[in-house]
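>>> structure for the following, please:
(one chain, ligands or ions: 1)
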Amino acid sequence: MHEVSLVTALIDQIQEVAVQQHFTRVEKIHLGIGVLSGVNGDCIDFCFSEVTKDSILSGATLSYESIPIQILCKTCEKTSNPREPNDLRCEYCRSGDIRVQRGKDFLILNLEVDTEV
Ligand SMILES: [Zn+2]
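Below is the predicted model:
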C-alpha cells in the first residue's frame, strides 16, 4: 500500500532529525497533505500505529490537515485557489496555462518531541 511506504519514509526522515537534535521520542506529529498529492489521510491514520509501533514514532499522536491548491497563472500572473482538482484554471482569466505552487506536497508541518537530558 502506497501510504505504508510514505509512513516508512517518514520514520526514516524523523530518525535522522532525532540523531541531529537528540530526541528519542515523538509525542505529536502533524502532517500536511496536499489536495493534489494523491495521499489519503484516512489511510495514513489507519496504518500509522501499526507501521510505527517499533520506531521512534511509536505511540505518537497523529493529526493532519489538507493543503489547498494554489496556482500561478502564466497568462495574467495572478495566483488563485481552485477548489476542483480536475479543473485547474485561473480564476481571473480562465487560462489553463498555469503552474501549481501548492497542493502537491506531503510534509511534516509540526513535530512535538520528548527530549531526554
Ligand atoms: Zn489568469
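>>> grab the most central residue of this structure for me.
The chain has F106 as the residue nearest its centroid, 2.7 Å off, counting by CA atoms, centre = their mean.
>>> thinking it is in contact with N40, fair?
No: checked against CB atoms under 8 Å, the pair F106 and N40 is beyond contact range at 10.8 Å. From N, CA and C alone the C-beta is placed, and that goes for glycine too.
>>> so what sits against both of these two?
Common contacts of F106 and N40 (CB atoms under 8 Å, 6 or more residues apart in numbering): none found.
>>> returning to that earlier point: do you know how far the residue nearest to the centre of the chain is from F23?
22 Å (CB to CB, to the nearest Å).
>>> hang on, A18 packs against I56?
Yes: the pair A18 and I56 passes the contact test of CB under 8 Å, sitting 5.6 Å apart.
>>> intersection of neighbour lists for those two?
Counting by CB under 8 Å, 6+ apart, the residues touching both A18 and I56 are 24, 26.
>>> and Q101, which of the three is it?
Three-state assignment for Q101 (DSSP: H, G, I helix; E, B strand; the rest coil): strand.
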